[in-house]
Each structure stands twice: as C-alpha cells, then as structure tokens.
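Colleague: Predicted coordinates and the sequence they were generated for:
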Amino acid sequence: MRSDPLARYRALHGHCERMLDAARSEDWASLRRLGRESAAMVAKLHRAGCAIDDATRREKFRLLRSIVEIDAQIRHLSEPWTRTIDALLDPRRTVQRRGGAVARRAS
C-alpha cells in the first residue's frame with residue numbers, strides 16, 4: 001500500500017497551527033518545545049523525497065505557503081519588531097524619493 005505523500009506536510013501544518021496557538025496564549029515554553037519538534041519534522045521531510053504528480057505538488061505548495069504565513073504570525077507575536085521589517089519589504093508598498101522627501105505611491 002502506498003502512503004500519502006502529503007501526510008507529513010499536513011502533520012507539519014497542524015503542528016505549526018499548535019505553535020501559533022501557543023504564541024497567541026504567550027506560552028513561550030510550549031512554543032520553544034513545539035519549535036524543536038517542528039525542526040525534527042522538517043528534517044524528516046528533507047530526507048523523505050518521492051515523486052509526486054501535479055495536483056499533489058499544488059497541494060504541497062499550498063500547505064507550505066500556509067506554513068510560511070503561520071510562521072510570520074508567530075514571529076509577529078514573539079518578535080513584534082518584525083512587523084516593521086515586513087511593512088518595509090511589502091511589495092505593495094513602494095517608497096520613492098522625490099526632492100529629498102519620501103512619497104508613498106498608492107497601491
């Protein structure tokens with residue numbers, strides 16, 4: 001019987017959601033523990049490669065995109081200064097210099 005190639009990605013996604021819950025409740029000890037467990041899960045994903053079809057690949061990338069978004073939320077909660085960095089790097093927000101003044105272009 002062939003295993004579900006997305007099972008580990010779904011498990012990692014659920015684990016990241018638990019990390020976000022811990023960050024929201026300011027349970028930093030649980031967040032650190034879950035972070036270590038998450039790192040181990042990622043290491044297993046790197047070691048376990050398999051060929052996947054296009055539909056599975058799309059689902060894999062949807063899960064990974066969601067994991068990255070969850071990670072950003074966790075960082076905003078645990079390191080609030082990262083919001084400033086994210087705002088500066090937001091591609092929808094462009095800043096141009098005009099005659100020494102900074103002007104924001106409307107999006």
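Modeller: Thanks, I have the structure now.

Colleague: which residues touch residue 59?
Modeller: Going by C-beta atoms under 8 Å, 6 or more residues apart in numbering, residue 59 touches 6, 9. Bear in mind the C-beta positions are built from the backbone N, C-alpha and C, glycine included.

Colleague: the helices in this protein, which residues?
Modeller: 7-24, 28-47, 54-78, 82-89 (DSSP state H).

Colleague: Give the buried residues for the second one.
Modeller: For helix 28-47, burial by neighbour count (16 or more other C-beta atoms under 10 Å) applies to 31, 34-35, 38.

Colleague: got a markdown table for those, with distance to residue 74 and pLDDT too?
Modeller: What follows is the buried residues of helix 28-47, written out as a markdown table (distance: C-beta to C-beta, whole Å; pLDDT from 0 to 100):
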| residue | distance to residue 74 | pLDDT |
| --- | --- | --- |
| 31 | 7 | 96 |
| 34 | 10 | 96 |
| 35 | 9 | 95 |
| 38 | 10 | 95 |
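
Colleague: so which of these would you say is closest to residue 10?
Modeller: residue 38 (13.6 Å; C-beta to C-beta).

Colleague: Now that closest one: closest residue in space that isn't a chain neighbour?
Modeller: Using C-beta to C-beta, 6 or more residues apart in numbering and skipping the chain neighbours, the partner closest in space to residue 38 is residue 15 (5.4 Å).

Colleague: ditto for residue 35
Modeller: Closest to residue 35 by C-beta to C-beta, 6+ apart is residue 19, at 6.5 Å.

Colleague: quick one, what contacts the one you found?
Modeller: 31, 34-35, 38, 70, 74.

Colleague: quick one: it and residue 3, what's the gap?
Modeller: In this view, residue 19 and residue 3 are 25 Å apart by C-beta to C-beta, to the nearest Å.
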